[in-house]
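Colleague: sequence-free structure coming up:
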């Protein structure tokens with residue numbers, strides 16, 4: 001897990017800055033629409049939609065946009081049909097990468113993802129090639145300056161969290177996917193400020209990457225995240241702090 005929360009925190013900061021651009025809103029609306037289509041438009045009974053709405057609110061998306069996204073998913077408004085695809089591959093240094101996509105054009109998405117891997121020194125892999133390295137987990141990142149370690153550990157573990165790790169400036173709380181809502185709610189009830197919270201593919205183990213390979217991996221991951229159809233990118237790298245900080 002080392003390095004995972006550092007990158008999650010950096011992505012959160014980048015996301016806050018990027019929220020000024022329309023691209024982030026487009027991806028958030030797409031997730032809301034697909035979540036509503038899959039599980040209905042009531043966020044009380046649809047955990048995926050509830051999380052998508054929370055992400056949108058965190059990004060300061062207007063409520064009207066959220067409502068339209070839900071209605072497109074439920075069919076109350078006309079909308080585009082999206083396909084969910086997960087691509088797998090390897091980056092420089094043998095880093096395993098999972099790319100989660102929502103697209104209205106599978107051929108375009110596949111071509112774009114393959115080209116990015118190739119251009120940045122990686123390669124696409126077959127279904128199941130790297131999926132076994134990851135597992136779906138609730139993942140919550142909290143700034144260390146906002147709460148004492150013992151207090152956070154008590155709240156999180158009492159609520160059902162599986163683990164908590166401390167890194168340079170953050171705590172990373174891991175939960176089972178089904179316990180994510182419960183742990184997040186407990187933290188919110190105790191007024192714990194959350195930097196980022198998501199259900200994501202977390203690596204079971206990480207691969208240490210340094211030097212030029214580390215920079216190449218981050219360039220690959222960053223370009224994948226910028227592709228219009230990509231919703232999330234997960235990788236099992238462990239990269240030195242100085243290289244990660246250079247990406248902020």
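Modeller: Great, that's in hand. Owing to the predicted nature of the structure, the values given are computational and were not obtained by experimental measurement.
Colleague: For the rest of this, base every contact and every neighbour count on C-alpha atoms.
Modeller: Noted.
Colleague: domains in the chain, as residue ranges please.
Modeller: Domains of the chain are assigned by automatic domain parsing as 4-74, 84-131+205-245, 133-203.
Colleague: what ranges do the helices span in this protein?
Modeller: Taking DSSP state H as the test, the helices found in the chain are 4-18, 22-39, 47-58, 63-74, 106-119, 149-158, 180-189, 211-226, 241-245.
Colleague: Between helix 211-226 and the second one, find me the angle.
Modeller: Right, helix 22-39. Here helix 22-39 runs at 70 degrees with respect to helix 211-226, directions being taken by axes from the mean of the first three to the mean of the last three CA atoms, to 10 degrees.
Colleague: quick one, helix 22-39 and helix 47-58 angle?
Modeller: Note on geometry: by the same axes, to 10 degrees, helix 22-39 and helix 47-58 are set 160 degrees apart in direction.
Colleague: packing partners for helix 22-39?
Modeller: Contacts defined by 3 or more CA pairs under 8 Å, 6 or more residues apart in numbering; DSSP states H and E place helix 22-39 against helix 47-58, helix 63-74, strand 230-235.
Colleague: so can I have JSON lines of the helices of the chain showing mean pLDDT and distance to residue 198?
Modeller: Formatted as JSON lines, the helices of the chain follow (pLDDT from 0 to 100; distance: least, CA to CA, whole Å):
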{"stretch": "helix 4-18", "mean pLDDT": "56", "distance to residue 198": "10"}
{"stretch": "helix 22-39", "mean pLDDT": "90", "distance to residue 198": "13"}
{"stretch": "helix 47-58", "mean pLDDT": "91", "distance to residue 198": "8"}
{"stretch": "helix 63-74", "mean pLDDT": "95", "distance to residue 198": "18"}
{"stretch": "helix 106-119", "mean pLDDT": "97", "distance to residue 198": "23"}
{"stretch": "helix 149-158", "mean pLDDT": "95", "distance to residue 198": "15"}
{"stretch": "helix 180-189", "mean pLDDT": "95", "distance to residue 198": "8"}
{"stretch": "helix 211-226", "mean pLDDT": "92", "distance to residue 198": "16"}
{"stretch": "helix 241-245", "mean pLDDT": "77", "distance to residue 198": "21"}
